[in-house]
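> Predicted model and sequence below, questions to follow.
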Amino acid sequence: MQIDPQAKFGTRECPGCAVEVPANENRCPICGYAFPGRGPLQRNLAWIVALLLALLLIPLLLALR
Ligand SMILES: [Zn+2]
């Protein structure tokens, strides 16, 4: 997974026109570039990863008791 260093500061650089775009904007207001990473697929992937981690951690926690 790619970490966007601009996300922390509330803006990110548009790869299309190199303009700082607010992080809450999914689309660049200048050139219309659609940012990946905030779509429903990425949200679902985050859930799948969290579920897999839980499935891995629950047996570990049960074994430790
Ligand atoms: Zn742009």
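It's in.
> so Ala34 makes contact with Gly16?
No - Ala34 is not in contact with Gly16 according to Cβ atoms under 8 Å; the separation is 9.4 Å. In short, each C-beta sits where N, CA and C put it, glycine included.
> what's the overlap in contacts for the two?
Common neighbours of Ala34 and Gly16 (criterion: Cβ atoms under 8 Å, 6 or more residues apart in numbering): Cys28.
> Which one's more surrounded, the two?
Gly16 (14 against 10; other Cβ atoms under 10 Å).
> which SS state does Leu57 fall under?
Under DSSP: H, G, I helix; E, B strand; the rest coil, the three-state class of Leu57 is helix.
> Same check on the one 3 residues further on?
When the structure is split into helix, strand and coil by three-state DSSP, Leu60 lands in helix.
> did I read that right, Asn24 in a strand?
No - if the criterion is three-state DSSP, then Asn24 is coil and not within a strand.
> Just read off the phi/psi values of it.
The phi and psi values for Asn24, taken as degrees, to the nearest 10, are phi -80, psi 0.
> The ion versus that one, what's the distance?
15 Å (Cβ to the ion, to the nearest Å).
> Roughly how far does that residue sit from Thr11?
10 Å (Cβ to Cβ, to the nearest Å).
> So for these two, which sits in the more crowded spot?
Ranked by neighbour count (other Cβ under 10 Å), Asn24 and Thr11 place Thr11 first, with 16 against 8.
> so who does the closest residue to that one other than its chain neighbours touch?
Once flanking residues are discounted, Thr11 sits nearest to Glu20: 4.4 Å by Cβ to Cβ, 6 or more residues apart in numbering. By Cβ under 8 Å, 6+ apart, the contact set of Glu20 is 6, 11-14.
> For Glu20, name its beta-bridge partners.
Note on Glu20: beta-bridge partners by DSSP bridges are Glu13.
> per-residue pLDDT, it?
The confidence metric pLDDT takes the value 94 at Glu20.
> Check the gap between it and the ion for me.
Distance, Glu20 to the ion, by Cβ to the ion: 10 Å.
> The ion contacts on this protein?
Taking Cβ under 5 Å from the ion, the part of the chain that reaches the ion is made up of 14, 16-17, 28, 30-31, 33.
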